[in-house]
Each structure stands twice: as C-alpha cells, then as structure tokens.
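Chemist: Sharing a model that was predicted from the sequence below.
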Amino acid sequence: MELVRGLHNLRPQHRGCAATIGSFDGVHLGHQAVLAKLSDEGRARGLPVTLITFEPQPREYFTPGSTPPRLTRFREKLEVLHACPVDRVVCLRFSAALAALTADEFIRQLLIDGLGVKYLVVGDDFRFGKNRAGDKALLQQSAETHGYQLGTLEDFAMGGQRVSSTRVREALESGHLDTAGALLGRPYSMCGRVAHGDKRGRTIGFPTANIFLHRASAPVSGVFAVQMLGIDTAPVAGVANVGTRPTVDGSRALLEVHLLDFARDIYGQHVQVRFVKKLREERKFDSFEHLKRQIQLDSGQARAFFSG
C-alpha cells in the first residue's frame, strides 16, 4: 500500500483510480464494506483503489478541543488499512488553504487534475468545499461533465443499526468491548512506543510499560485486562490503566501496562495493546498503599480472566 502525503506529491502514475473520501476513523466493518465494494468496482475496471483522507480530521480543525475522541490515530489507521483491499492512501493536510477551496475547486484540483478519478463512492451525507457547500448532487453533476462514475453506498447494519464510528465509541465508553470488537471486526487496540515514566510502579512491585497516547482524549478509560503484541512471539497478558493517574496527581493521559509474568526490557519498542475486558473505572485512592492493594486485586482479576 502506497502513502501519498499532499496534493503536491501526486504524480502522473497516480491518475486513473477508483476512489473514496472520508475520515475512516476506526476502519470499522462499515468502512471495510465500502472498501470491499470499491475494490470490486476497481478490479472490474482495471483501476487501483485510492482512499482519500485528511490530517487533522476536518472536525478537529474547525472545532479543536470539542471533537469526540479518535478511535485510531493516523498510524493505527494505516496499519488496519494494510489488511484491506486498498492500493493507495492519499492524505491531505487539512489547513486554512484546503478549507478555503470552493467545492468546484476541490473537485477540479483533487478529483480531476490530481487523481483523474474514474469511479467515486462517498456517503450520502458527504459535504466538502468552503462552508460545506459541496454535496453528492454536485458530485453527480461533475461526474456527468468530467466522465467519471459516482457509485452508491448502502448502510452496513448490525443488530438492526447502522455501523458507525459513533456507535463504536459509545460501546467503548460504556465498557462493552465485545460489542465494539464486533463492530470493528477485531478487538479494539491502541499502539505506541514504550517510554520511560516516573517508575513509581516499581516501588510497589508493579512495574509498568508507559505509552503516551498523543491524542487530545482517549475513547477508553479505566482499568482493563489487556494483551500486548509486538514484544514476544505470542500476545503477553497484562492489566492496564488508561487515564490521568489521579492518585499521583497526574494530568497527562497515559496508558500504563503491567505485564503478567514478563520481565524483559521493552523500552523504545513500538507495541500494540489489545483491550480484552474492562475491570473497573479509574479512581483516586487515599494512599499509595491503597493503590497497591487495588492493583493486586486488578492483577488477580486479569490473571483469572486469562486463565479461565
């Protein structure tokens, strides 16, 4: 899968494709159904599949600080897309210049001159261009003028409801990890690099692998039974806290993982943490000793879960 960052990096070989546009946050089963259909249409026409997305996401640009938490950071999204039938990801920096493009300029610069799109699918509610003036009706007019085909999308439903990033987020926030996993088509996970922390866990017998989240907010919080991937031939079981660590007056969101029966040095390694079961909410304890006792209980719960 090829990654192209910015309109200025588009080359003649990128022209002529079957494309879709969107944030694709989480790359859930609904997104995967879109990409599967796009792949079928692309293969039938002898066209590569191109996914067009934005960083930051448009909502993050226009309303910073008030957007819902991302399910996937950009790197995590790319890792999931590697398993999807996508040939190329075109990532556009969402900036003042991009936001100022009229709908007609967006179509001309990106779809026609940039990518030479031959087949395009977008959601019925897709809006684009300055002041969100562009819609699917305008794209249909453009398709007739410029000779590409605008495909249709059907909602992908599960349990009688449309699968969406919002629905995944709601399942995670309520601790329903099985539901979130079913909507995603895989267990929910976060990725990051193991960093040095304040090493307080070592002083009470529970050393942790610390992973800074690098996001404004996380879609999960609390204490979880988890599996860490990327440090051994098989997933390593553990117990994790996602939050600000109120007992030690923390303020920065952090993912801390205590691995069960594992003692190797993994500082600097890029890992994936898979959330398997929520054990409890994060809370502040009166003392470090009370925190230690609770971590012992949490670890016991996680160990019992994985052994059962």
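Modeler: Arrived safely, thanks for sending. Numbers count the residues shown, from 1 in each chain.

Chemist: Can you name the residues that contact residue 89?
Modeler: 1-4, 50-51, 53, 78, 81 (CB atoms under 8 Å, 6 or more residues apart in numbering). No exception for glycine: its C-beta is placed from N, CA and C like everyone else's.

Chemist: Weed out the non-buried ones from those residues.
Modeler: Neighbour counting over the contacts of residue 89 (16 or more other CB atoms under 10 Å) leaves 4, 50-51, 53, 78, 81 as the buried ones.

Chemist: With respect to residue 129, which of these is nearest?
Modeler: Proximity of these to residue 129 (CB to CB) peaks at residue 53, which lies at 16.5 Å.

Chemist: List the strands paired with the one helix or strand that closest one maps to, with their directions.
Modeler: Assessed by DSSP states H and E, residue 53 sits inside strand 49-55. Strands adjacent to strand 49-55 in the sheet, as given by DSSP bridges, are strand 17-21 (parallel), strand 88-93 (parallel).

Chemist: Where does pLDDT dip in the chain?
Modeler: For the chain, the stretches with pLDDT under 70 are 198-205, 245-251.

Chemist: Could you list the domains of it?
Modeler: Domains of the chain are assigned by automatic domain parsing as 2-156, 188-307.

Chemist: What is the end-to-end distance of the last one?
Modeler: Across domain 188-307, the straight-line distance between its terminal residues is 21 Å, by CA to CA, to the nearest Å.

Chemist: Could you give the separation of it from the chain centroid?
Modeler: Remark: domain 188-307 is offset 20 Å from the chain centroid, using CA atoms, centre = their mean, to the nearest Å.

Chemist: ditto for the longest one
Modeler: Its chain's C-alpha centre lies 16 Å from the corresponding centre of domain 2-156 when counted by CA atoms, centre = their mean.

Chemist: winner for burial among the strands paired with strand 49-55?
Modeler: Of those, the one with the most neighbours on average (mean count of other CB atoms under 10 Å) is strand 17-21, at a mean of 25.

Chemist: next SSE after that strand?
Modeler: Next element after strand 17-21 (DSSP H and E): helix 29-45.

Chemist: just the angle between that following helix and strand 49-55, please?
Modeler: Going by axes from the mean of the first three to the mean of the last three CA atoms, to 10 degrees, helix 29-45 is angled at 140 degrees with respect to strand 49-55.

Chemist: contact partners of helix 29-45?
Modeler: Counting by CB under 8 Å, 6+ apart, 17-20, 22, 24, 47-49, 51, 84-87, 118-119, 121, 151, 153, 155-156, 158, 162-164, 183-185 sit against helix 29-45.

Chemist: Just the buried residues of that helix, please?
Modeler: For helix 29-45, the neighbour count (16+ other CB under 10 Å) marks 29-35, 37-39, 41-42 as buried.

Chemist: what's the farthest-apart pair in the residues you listed?
Modeler: 29 and 42 (19.8 Å).

Chemist: Just to check, residue 127 is in contact with residue 137?
Modeler: No - taking contacts as CB atoms under 8 Å, residue 127 lies outside contact range of residue 137: 11.0 Å.

Chemist: Among those two, which residue is more densely surrounded?
Modeler: Using other CB atoms under 10 Å, the more surrounded residue of residue 127 and residue 137 is residue 127, with 15 against 9.

Chemist: Let me have the contacts of residue 89 in CSV, adding distance to residue 147 as columns.
Modeler: Formatted as CSV, those follow (distance: CB to CB, whole Å):
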residue, distance to residue 147
1, 27
2, 25
3, 28
4, 23
50, 17
51, 22
53, 25
78, 31
81, 28
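
Chemist: Nearest to residue 302, out of those: which one, please.
Modeler: residue 78 (29.8 Å).

Chemist: can you give me the helices for this protein?
Modeler: With helices called from DSSP state H, the chain shows them at 29-45, 58-62, 74-81, 96-99, 103-106, 136-146, 165-173, 177-184, 200-203, 288-307.

Chemist: Export these to JSON lines and append columns for distance to residue 10.
Modeler: Compiled in JSON lines, the helices of the chain are given as follows (distance: least, CB to CB, whole Å):
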{"stretch": "helix 29-45", "distance to residue 10": "18"}
{"stretch": "helix 58-62", "distance to residue 10": "20"}
{"stretch": "helix 74-81", "distance to residue 10": "18"}
{"stretch": "helix 96-99", "distance to residue 10": "14"}
{"stretch": "helix 103-106", "distance to residue 10": "14"}
{"stretch": "helix 136-146", "distance to residue 10": "17"}
{"stretch": "helix 165-173", "distance to residue 10": "27"}
{"stretch": "helix 177-184", "distance to residue 10": "31"}
{"stretch": "helix 200-203", "distance to residue 10": "48"}
{"stretch": "helix 288-307", "distance to residue 10": "48"}
